[in-house]
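Colleague: Got a predicted structure plus its sequence, pasted below:
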2 protein chains.
Amino acid sequence: MALTVQKFGGTSVADADRIRAVADHVARARRQGDEVVVVVSAMGKSTDDLLRLACDVSAVRPGRELDMLLTAGERISMALLCMALAELGVPAASFTGSQAGIITDTVHQNAKIIEVRGDRLRAALRRGHVPVVAGFQGVSVEHDVTTLGRGGSDTTAVALAASLGADRCEIYTDVSGVFSADPRIVPDARKIKRISFEEMLEIAATGGRVLALRSVEFARNHHVPLHVRSSFTWEPGTWVDEEDPTMEQPIVSAVTSDATATKLTLTKVPDQPGIAASLFRALADEHVNVDMIVQNTSHDGTTDISFTTGKVDTPTATRVVEALADKIGAGTLSIDESIAQVSVIGAGMRTNPGVTATMFESLAAAGINIEMISTSPIRISCMVAADGAEQAVRALHEAFDLGEARP
Amino acid sequence: MALTVQKFGGTSVADADRIRAVADHVARARRQGDEVVVVVSAMGKSTDDLLRLACDVSAVRPGRELDMLLTAGERISMALLCMALAELGVPAASFTGSQAGIITDTVHQNAKIIEVRGDRLRAALRRGHVPVVAGFQGVSVEHDVTTLGRGGSDTTAVALAASLGADRCEIYTDVSGVFSADPRIVPDARKIKRISFEEMLEIAATGGRVLALRSVEFARNHHVPLHVRSSFTWEPGTWVDEEDPTMEQPIVSAVTSDATATKLTLTKVPDQPGIAASLFRALADEHVNVDMIVQNTSHDGTTDISFTTGKVDTPTATRVVEALADKIGAGTLSIDESIAQVSVIGAGMRTNPGVTATMFESLAAAGINIEMISTSPIRISCMVAADGAEQAVRALHEAFDLGEARP
């Protein structure tokens, strides 16, 4: 008898009909002999609705109270799903994050799971019940309600799967799996049947939005096989699992793009030891996440330093850099918000040195200028003008022969 | 420094504006030097909305899951109120029923409070915070979420006031207090400044809907003075407190009416010892609440038995009586759903024997027939035809001189 954790996102439980469809699916898995633990998100856009209400009420919204507010959402969806299961004759019981033993730190809005005490869920399973657990939420070591931040329900599901020793964790969503590129940009993008945790991490980090980075990290660290699939078609989706050393890896698995960054360039920075360090220390002190950094060769004792940061961090980064520029005697700061990062990802890159050359050639052939480059052992990312990003994705998808027609 | 528990019902927190108005009022009480604990209901009709959603999803709705569902409502209102208080510079923290230590039995949908462990609330008060507590909800001795049933938020407020040793419990609602009659029926009904727990219990039990019976019982048993008042006008309302033996009591304080009952009459019941007992035992076994009972004098060895029960219990009562009628050889069952109970209530009745006579005379003068009668030391209730009930209330209100003009 296999134990499966099934996680259903907001679109999968958006209304009464969708909730009944999910109940049918859970009941089917049970009939096939599986033990099932369900994790649900809040219905559809209800979290956004609650946030809007909070903004209407007050300009001051303490994190503790936002967490209390937002956790109402899963409470509703999980209770409704249990009722739908009851109607099908499947005994089910809902559990809040606290009741499910999801113990977190005290960082409201972005709490980290410290421990999962799965006793109540194990007891429910022993009684033959389907535990339906609220995603995205936990209880802090100080007994306050917390939320896990973006992608939190995926993290809940993976953490429960790890804690309960589940055989797999199924992530149900509104797309049918992980694709070789965003199908809205590349119509012949191919659904990937199986991908390694490492590749999935790179995809999540560079703009693929199917799975949140944190949940993939958690799954990799705890060896929980993930199955990303659609709750609309119920067809088999994408397995995310350990790299299989017996198989030859595809050179490139996916092409991603991400337009959430801004490029900041500070000119005429004195080329002295410690100057660059002082810049990035000042940014770190203000919690600005810096992604790519490029420093040109020095001319006349000065250099230009460019770096990228998330658009949300741009105002803070601008303030920090401008304040420092005067102090260190640097030149002017220029800000480019019209950039996008295009990445190719593939475990086979490690043993195939030609990927970089192919990538640059195909971008050049498409007339796309590369502004910055960063790499990992299984990823190459190029910063390009935002208006060329989609064209770049299509060119790279074609160059690496990733389309449906591929054998 | 006085400690006040302030309870705000659904209409008092129905939207963002109302929530901000409540926050203003709480802040004002704090500025006046009071310590405040707030209890809130779910916003406006949100509980009804959740119930409708549950009906859309499933015909089977286990009590445990209904409780999980409905408790989402207060979670939203209390978090929003804390945000509104934060904007006013008043530190506040929300607490679920569980976090506030409201421990109940395991009867979902209608749980009884067993114990209030107010440690977290006391700690919050010591830190100078305003605890904002979810009304209507608790946690069972088996760690499941429970709800307290109708009027549950009032009960939460009174139970917290008793547990914390509060000086008073203010119940804010959409009417400005307890009136000598329903102002929609009697336009010159007078707001009562002060009334005893005993009278308030009779009012709540006979159709007055301002306070739920359970919360008044709880307040009486724990000596918690209640102040029922409006969150729209904020004017002083009605104090409900111990009877003041130094003051002469009004003979009649209020006239109420209630059309939620049905009258069932079983004819030709054999007039033998134990027959009536078997009837009411059978009803009790099916949890049918019986209110008034009238048995006529026996003729020819048989008698007619009439009793009233809530309209919700009528189908069950009908089934039970019809099943028994055959067995005991009784006649036919007739059901009258068009009845209403009209009551006059007053602590002074105990020492004023003329009230019954005045009541009957004034109903007779208004041409209203009395079908059944029941009394307590401070109440007289008459069952009349439903279409005469409002006229009966007006006649009695006038006969006992309860209008605004009364000195």
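Modeller: That came in fine, so what should we check first?

Colleague: A:L3 pairs with what?
Modeller: A:E35 (DSSP bridges).

Colleague: Contact partners for it?
Modeller: Contacts for A:L3 (C-beta atoms under 8 Å, 6 or more residues apart in numbering or on different chains) come out as A:D34, A:E35, A:V36, A:V37, A:L125, A:L164, A:G165, A:A166, A:D167. For the C-beta atoms, the positions are set from N, CA and C on the backbone; glycine is no exception.

Colleague: ok, now A:E248?
Modeller: A:G348.

Colleague: do A:G118 as well
Modeller: So A:G118 contacts A:A100, A:G101, A:L160, A:S163, A:L164 (C-beta under 8 Å, 6+ apart).

Colleague: Show me which of the contacts of A:L3 are buried.
Modeller: Buried members of those, scored by 16 or more other C-beta atoms under 10 Å in any protein chain shown, are A:D34, A:E35, A:V36, A:V37, A:L125, A:L164, A:A166.

Colleague: What does the pLDDT read for whichever residue of the stretch 101-250 of chain A sits closest to chain B?
Modeller: Using C-beta to the nearest C-beta, the closest approach of the stretch 101-250 of chain A to chain B is made by A:H143 at 6.9 Å. We have a pLDDT of 95 for A:H143.

Colleague: all helices of chain A, in order?
Modeller: Secondary structure of chain A (DSSP state H): helices at A:16-31, A:46-57, A:63-70, A:72-87, A:119-126, A:152-164, A:197-205, A:213-221, A:275-285, A:314-328, A:355-365, A:389-399.

Colleague: What is the most widely separated pair among the buried ones among the contacts of A:L3?
Modeller: Greatest spacing in the buried ones among the contacts of A:L3, by C-beta to C-beta: A:D34 and A:L164 (12.9 Å).

Colleague: What is the neighbour count of A:R190?
Modeller: 19 (other C-beta atoms under 10 Å in any protein chain shown).

Colleague: And the one 10 residues further on, by the same measure?
Modeller: By other C-beta under 10 Å, the residues close to A:M200 number 29.

Colleague: these two touch, right, it and A:W239?
Modeller: No. Under the criterion of C-beta atoms under 8 Å, A:M200 makes no contact with A:W239, lying 10.0 Å away.

Colleague: which residues does the residue lying closest to A:S58 once chain neighbours are set aside contact?
Modeller: In space, A:S58 comes closest to B:M83 once its chain neighbours are excluded; the distance is 3.8 Å by C-beta to C-beta, 6 or more residues apart in numbering or on different chains. B:M83 is in contact with A:A54, A:V57, A:S58, A:V60, A:R61, A:P62, A:E65, A:L66, A:L69, counting by C-beta under 8 Å, 6+ apart.

Colleague: Same check on A:I368?
Modeller: A:I368 touches A:V384, A:A385, A:G388, A:Q391, A:A392, A:A395, counting by C-beta under 8 Å, 6+ apart.

Colleague: Just the pLDDT for it.
Modeller: For A:I368, the model assigns a pLDDT of 93.

Colleague: how near is it to chain B?
Modeller: According to C-beta to the nearest C-beta, to the nearest Å, A:I368 and chain B sit 47 Å apart.

Colleague: Neighbours of the closest residue to that residue other than its chain neighbours, how many?
Modeller: Leaving aside its sequence neighbours, A:I368 sits nearest to A:G388 (C-beta to C-beta, 6+ apart; 4.6 Å). If you count neighbours by other C-beta under 10 Å, A:G388 ends up with 19.

Colleague: how far away is A:G388 from chain B?
Modeller: For A:G388 relative to chain B (C-beta to the nearest C-beta), the value is 43 Å.

Colleague: Spit out the contact partners of that residue.
Modeller: So A:G388 contacts A:A340, A:A366, A:G367, A:I368, A:N369 (C-beta under 8 Å, 6+ apart).

Colleague: re earlier: tell me which of the helices of chain A approaches B:N352 most closely.
Modeller: That would be helix A:46-57 among the helices of chain A, by C-beta to C-beta, at 51.7 Å.

Colleague: Flag every buried residue along the closest one.
Modeller: Quick answer for helix A:46-57 (16+ other C-beta under 10 Å): A:S46, A:T47, A:L50, A:L53, A:A54, A:V57.

Colleague: same thing with stretch A:263-275?
Modeller: A:K263, A:L264, A:T265, A:L266, A:T267, A:K268, A:V269, A:D271, A:I275.

Colleague: For A:V210, which residues are in contact?
Modeller: Here A:V210 is in contact with A:T173, A:V175, A:G177, A:V178, A:I203, A:A204, A:V228 (C-beta under 8 Å, 6+ apart).

Colleague: ok, the contacts of A:L3 vs B:S153, which is closest?
Modeller: Looking across the contacts of A:L3 and measuring by C-beta to C-beta, the closest to B:S153 is A:V37, at 33.6 Å.
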